[in-house]
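Asker: I'll drop the sequence and a predicted model, then ask my questions.
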Amino acid sequence: MISPVRIVFEEDGKMFALRRYSEALEDFSGDLLKKRSVDLKPTEKLSLFPYGPSAGGLTESIYFSLLTSGERIEAMNYDTSFKDRKISVSGNDIPKAVLLMERINGIHSASYSSLFCDLIERSSGIEVSQEIMDLRILMMEMERISHHLFVAGRLSGGASQNIGSMNIYLLREELLRIIGKTFGHRYFFGINKPGGTGREIDVSNIYEKLESIVKEYTEIYRTLMDSRIFIDRTDSTAIIRDEISAGPVLRGFGKNMDGRSQHRYYNKLNVRISTVDSGDSLARYVVRSEEIFSSWEIIKKILERNSRFKIMEEVKMDKIQGTGEKISGYMETPSGDLSMIVSVRSGKISFFKYSSPSLWNLRVFADAMKGNNFADFYFGLESLGLCVSETGDIR
Amino acid sequence: MKAWFLRSLKKGIVTSSFPSGKNEALSPWATLPMRDMSGEVDCPVDAIQDDRVDSGKCISCGICFPQFKPSMQIPQINMVRVEKSLSKSMKLYLFDSGTCGACNLEIMALNSPQYDMNRLGLSFTNTPRQADAIMITGVLTEGMIAPLKAAIDSMASPKIVFAVGACAISGGLMGKSISEITGLDVQVPGCPPDPFVIVAAIEKARGRI
């Protein structure tokens, strides 16, 4: 199967595309994926149920419109535009652009800033050390565990497994405190810089604490998978089998694809990819849980060869003038593949485009909800690990 | 069920006694930076004036390091009034006006066992109609202006408007403050604020500390 196109843009009358898990731009001549539009007309038996943009149960502002008889969902639309922050990346100098990257999706800031810094470095011919790549991997894998724990907590809470949910949130908070103490910030803000790191990071005493969190989650995972209630609520709900989806959604219907397996950063780390065939909310939960364990395997390797990350002699920003050449790349965030194209000219960002995993997963989720029970909406939504902030209008 | 019960017993009490006791953790850059050595600093949000850091503007980016270092103290909470009538019980409504997601998750963290918001008489509610306080996060976005006004209007008095995080207070790095459309009773600084800072702000606003 050819990888789906993630970004398309036009320049000098020619179309270019960037595909999933690709660092190379290619000529594009196919048809563009049309904007999803479903006509929702209420009838005598079907009503429109609005949900959002601000309502209990939603982690971020988003609007859903469900055509339903009360039990079965016949069709669904969504609108992420309410909280568009209209962030302008182009025209900014590089230090400010890095700060913006961290805040496009704050809970995946390590993934966004790592990819952005990597592109800036490649555009300027800066070679970073293995140590810096290790630091970025460590942050991204801890970010992945944190995110997957949050999703697991939401799913188990929704299935009335409140004790399980609280146990998972407890572990996530323990992890965030370790991250905060070690990295200075619970969401890794202010660490990534092109060519280096903004702070000295001492990771010499986090191994046992992280091991304990993963061990405890293993017990919770087994207990949840023994729970008839949890399985009943998540099994066969929101089945997705669309190849344009991303991350755990893609791997949740058996696709053995993970951007980390072929990425330069993860070379020789033998990323274990977890897949489940059923494509439902339960499958996505299992994939995420297995990814917590595989992330820990990666973290162990990083911690075995690093105990302290020193402040690298930061690249002087005035040396990054850029040529205007477009550099593209990808990173596997906790929600799936993030693709990005950047160019730098006269020390400023002159071109910026990106494609977020939540954008694709939301689209396939909306199609997948047709025929589902109304009460299953929550499990389908939460199993996506959606981040509305990254679907916004970023220029 | 038995497994959960045994697990809870094994884990013991994990809940903080804060604010009567000490906060067990505090993310360093969620605290206000303070001058540590001389040297010029190019703050991206102009939060530093004459060695003083404006807590409502600071975005915890650490660009001021090493001239400035985290103070490791819970920052000053700016508030215009204290609502003692809500000291026994207060229902919170989370309103995302345009966040990166981090502030929302830090507020939701109050529900985790380490903070156990219920012990303080706090709970989340699903509608602003039942809320005593609205916790607004993120920059002011065009699409959320009408829902925000409607949410605040629908709340019964007495009500408290919290601006949580630098984006809501000052517009942060990328936008406008929510103060452009509503008065702010309490400002909770940070990017995002540490959950202990949020607890401290809530407790101060209710006159409990």
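Answerer: Alright, I've got the coordinates. Computed from a prediction, not measured in an experiment: that's the story for all the values here. Residues are numbered from 1 along each chain as shown, chains lettered A, B, ... in the order given.
Asker: Next, the contact list for the residue nearest to residue A:364 when sequence neighbours are not counted, please.
Answerer: In this structure, residue A:364 finds its nearest non-sequential neighbour in residue A:242, 4.1 Å apart by Cβ to Cβ, 6 or more residues apart in numbering or on different chains. (Each C-beta comes from the backbone N, C-alpha and C, glycine too.) Going by Cβ atoms under 8 Å, 6 or more residues apart in numbering or on different chains, residue A:242 touches A:364, A:367-368.
Asker: Out of those, which is nearest to chain B?
Answerer: Nearest to chain B among the contacts of residue A:242, counting by Cβ to the nearest Cβ, is residue A:364 at 20.8 Å.
Asker: okay, and the helix or strand of chain B with the least pLDDT?
Answerer: Within chain B, no helix or strand scores below helix B:2-11, which has a mean of 86 by mean pLDDT, DSSP states H and E.
Asker: What sits closest to residue 202 if chain neighbours are left out?
Answerer: Assuming you mean chain A. residue A:308 (5.1 Å).
Asker: switch to chain B, that's the one I care about
Answerer: Per Cβ to Cβ, 6+ apart, closest to residue B:202 is residue B:122, 6.7 Å.
Asker: same question, residue A:174
Answerer: residue A:213 (5.8 Å).
Asker: Same question for whichever strand or helix holds the one you found: list its buried residues.
Answerer: Element membership of residue A:213 [criterion: DSSP states H and E] is helix A:207-225. By neighbour count on 16 or more other Cβ atoms under 10 Å in any protein chain shown, the buried set for helix A:207-225 is A:210, A:213-214, A:216-217, A:220-221, A:223-224.
Asker: Is residue B:107 located within a helix, as I assumed?
Answerer: Yes. If the criterion is DSSP: H, G, I helix; E, B strand; the rest coil, then residue B:107 is within a helix.
Asker: If we look just around chain B, which residues of the stretch 101-250 of chain A are in range?
Answerer: Within reach of chain B by Cβ under 8 Å from any Cβ of the partner chain, the stretch 101-250 of chain A has these residues: A:102-107, A:109, A:150, A:163-164, A:166-167, A:169-170, A:172-174, A:176-177, A:180-181, A:184-187, A:189-191, A:198-199, A:219-220, A:223, A:226.
Asker: quick one, helices of chain B?
Answerer: B:2-11, B:102-108, B:142-154, B:166-170, B:195-205 (DSSP state H).
Asker: Ranking those by mean neighbour count, which comes first?
Answerer: Of the helices of chain B, the one with the most neighbours on average (mean count of other Cβ atoms under 10 Å in any protein chain shown) is helix B:166-170, at a mean of 29.
Asker: by contact count, what packs against that one?
Answerer: strand B:133-138 (3 or more Cβ pairs under 8 Å, 6 or more residues apart in numbering or on different chains; DSSP states H and E).
Asker: separation between residue B:111 and chain A?
Answerer: To chain A, residue B:111 is 7 Å away according to Cβ to the nearest Cβ, to the nearest Å.
Asker: While we're on that residue, how confident is the model there?
Answerer: Residue B:111 carries a pLDDT value of 96.
Asker: pretty sure it contacts residue A:169?
Answerer: Yes. When contacts are counted by Cβ atoms under 8 Å, residue B:111 is listed as touching residue A:169 (6.8 Å).
Asker: residues contacting residue B:172?
Answerer: A:103, B:45, B:57, B:59, B:139, B:165-166, B:191.
Asker: again, but for residue B:39
Answerer: residue B:67.
Asker: Need the pLDDT of it.
Answerer: 93.
Asker: Kindly report the same for residue B:66.
Answerer: Per-residue confidence (pLDDT) for residue B:66: 91.
Asker: before we move on, the earlier item: separation between the residue nearest to residue A:202 and chain B?
Answerer: From residue A:308 across to chain B, the span is 17 Å (Cβ to the nearest Cβ).
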